[in-house]
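1. sequence isn't available, so here's the structure alone:
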Ligand SMILES: Nc1ncnc2c1ncn2[C@@H]1O[C@H](COP(=O)(O)OP(=O)(O)OP(=O)(O)O)[C@@H](O)[C@H]1O
């Protein structure tokens, strides 16, 4: 029951709603005692032959009014208690979401998205259940159970009550035990189902590769195996589920059996009237639910506590990248000074960057080249403070970039990542993402600069075309250009294009670069690229190799050096000549 204590802050916050709900719930339990009493009374009237139309009518009217009252009261407590539980779920969900959105890249690197989603859905649902159904079962089993037992003992016979109650604890025990088993088996079935889902998703996206390599049969066998596993685990669930009803019926039946056998004896002996015995069995019927509820309570509370602990642990993970006290909140201009001695992603890995020292004046363009895995993206990410640099610093306008508030820093930076992300929204909304207040004209202007305007006008719905799963499928190059348009519309002080032109053809690349030179005048731009034509015009070009700068200078200087850059540039020129030759022949 510790979870109720843990949730006390919320119960206190909502004390009127919970207090009111519990009071109404107790009142409903109390009022439920009347019908069995009336049944007993009427039976006695029948036995004694004293039942008149008047008496019958009076009780029928009373029972009708009671039924309507209980109906209304039940509605009220549901709104009060379940409504509060739903609001608690909303509160926790928002807290979690807020927390996630503040966390840095390393937080997400350590956790699987699926797990975080599970916390935001399953765990919060379990807590909601505790604050709703959990409170209901606790209050109901105590009030209803208590009232009924007291009434049976006080108004009919305490001895018969004790006898009838003998099997009841077994019912609470069975409910709790089966519930626990059911939960464990259900979790396994769910896990198997998730794994099957992952498998389907993976197979569907890899179907072309699978076919190319003639791997279909293995895939089908694998799928069958997973599918059989799901069936097996669900049968295990069904087996426990199937035990529930018969067990409960046996226990309830036993209780009724004892009441009738011993009750009949008391009637014969004259200690009870037939009406009282009838009322007693109806009361006994009323006890079934509180006993079941009591068993369920343990499961609900158990799950709720585990979920609450998990959610709390997540909420307690400290943000590793936060504003320093007294941080500057004016967004910096684009004068960059990199002074990184060493940067590693984790303590037990070697440095991903080493001895990165260079200076870039506001308005200049930096080109970063190098093989795959040489550290180009890492360099861009350190500037964005996605990861903290322990050994070194980056100065922006002469101030270390971690002495700006994150908001100020992010206001200065625009990043177009390698893996473009478009939301399931219209193209216009996707472009205007960072500046929702932008006019249509400005959106079109940005799209023209990114050389995507003509493609967009070719769609039936133009800028209102929905992209993503629900809409049109865009090519890699189109997605890249929409992402670039998004960044250009935001017009940041420092723009980072991380291999963002890789999927566009050489002519379009040239067109975009030309536009960039124009609109980025006076602002700083960083471009990482595999195709050197994308950075040829940069004021400073860095060539990285295993996180170290192996060459630096402008295009002309690097061409003179006769190193990696020169070789790669000549090679790529030759390649494009061959390609062009191939096309024209
Ligand atoms: N989040 C991360 N955690 C740990 N190591 C990482 C992480 N991201 C990159 N690395 C490692 O850092 C090194 C540099 O990677 P980075 O992505 O910066 O290279 P890159 O030059 O941008 O490569 P590409 O041209 O393929 O994009 C690689 O060895 C990579 O495995």
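-> Structure's in. What do you need? Note that the coordinates shown come from a computational prediction; the quantities given were computed from them, not determined experimentally.
2. drop to CA atoms for contacts and neighbour counts, all remaining ones
-> Noted.
3. next, find the distance separating the closest residue to residue 428 other than its chain neighbours from residue 472.
-> Spatially, and ignoring its direct neighbours in sequence, residue 428 is nearest to residue 463 (5.1 Å; Cα to Cα, 6 or more residues apart in numbering). Summarising the geometry, the distance separating residue 463 from residue 472, computed by Cα to Cα, to the nearest Å, is 12 Å.
4. now do the SS call for the residue nearest to residue 428.
-> At residue 463 the chain is in helix, as set by DSSP: H, G, I helix; E, B strand; the rest coil.
5. my read is that it contacts residue 452, right?
-> No: Residue 463 is not in contact with residue 452 according to Cα atoms under 8 Å; the separation is 10.7 Å.
6. quick one: the strands in the stretch 451-585 of the chain?
-> Using DSSP state E, counting those that start in this stretch, the strands assigned to the stretch 451-585 of the chain run over residues 494-498, 524-528, 540-545, 548-553.
7. close to the ligand, is the third one?
-> No: between strand 540-545 and the ligand, judged by Cα under 6 Å from any ligand atom, nothing touches; the nearest distance is 7.6 Å.
8. for the ligand, what's the nearest residue on the stretch 1-150 of the chain?
-> Across the stretch 1-150 of the chain, the shortest distance to the ligand (Cα to the nearest ligand atom) belongs to residue 109, at 6.6 Å.
9. and for that residue, the neighbour number?
-> Other residues lying near residue 109 total 9 when counted by other Cα atoms under 10 Å.
10. kindly provide the distance from it to residue 416.
-> Going from residue 109 to residue 416 by Cα to Cα gives 20 Å.
11. same question, residue 369
-> The spacing between residue 369 and residue 416, counted by Cα to Cα, is 16 Å.
12. which one of these two has more residues nearby?
-> Using other Cα under 10 Å as the criterion, residue 369 and residue 416 rank with residue 369 on top: 28 against 24.
13. so what's the more buried one bridging to?
-> According to DSSP bridges, the partner residues bridging residue 369 are residue 543.
14. and it, what's its pLDDT?
-> In this prediction, residue 369 carries a pLDDT score of 91.
15. distance of it from residue 198?
-> With distances defined as Cα to Cα, the gap from residue 369 to residue 198 amounts to 36 Å.
16. sorry, back to before: quick one: contacts for the residue nearest to residue 428?
-> Remark: with contacts taken as Cα atoms under 8 Å, 6 or more residues apart in numbering, residue 463 is in contact with 426-428, 456-457.
17. if we use 10 Å, what do you get?
-> The neighbours of residue 463, taking Cα atoms under 10 Å, 6 or more residues apart in numbering as the test, are 426-431, 440, 443-444, 447, 453, 455-457.
18. between residue 463 and residue 472, which contacts overlap?
-> With contacts defined as Cα under 10 Å, 6+ apart, the residues adjacent to both residue 463 and residue 472 are residue 426.
19. what are the buried residues along the lowest-mean-pLDDT helix or strand in the chain?
-> Counting by mean pLDDT, DSSP states H and E, the chain has its least confident helix or strand at helix 113-118, which shows a mean of 72. Along helix 113-118, the positions that meet the burial threshold by neighbour count (16 or more other Cα atoms under 10 Å) are residue 116.
20. same check on stretch 37-53?
-> Within stretch 37-53, the residues scored as buried using 16+ other Cα under 10 Å are 37-45.
21. strands - which of those residues land there?
-> With DSSP state E as the criterion, strands contain none of these.
22. which one of the residues you listed is nearest to residue 11?
-> Each of the buried residues of stretch 37-53 was scored against residue 11 by Cα to Cα, and residue 37 proved nearest at 35.2 Å.
23. my guess is that closest one meets residue 30, correct?
-> No: between residue 37 and residue 30 there is no contact under Cα atoms under 10 Å: 12.0 Å.
24. which neighbours do those two have in common?
-> Overlap between the neighbourhoods of residue 37 and residue 30 consists of residue 151, taking contacts as Cα under 10 Å, 6+ apart.
25. picking that back up, overlap in contacts of residue 463 and residue 452?
-> Counting by Cα under 10 Å, 6+ apart, the common neighbours of residue 463 and residue 452 are residue 444.
26. of the strands of the stretch 451-585 of the chain, which is nearest residue 355?
-> Checking the strands of the stretch 451-585 of the chain against residue 355 by Cα to Cα gives strand 548-553 as the closest, at 6.4 Å.
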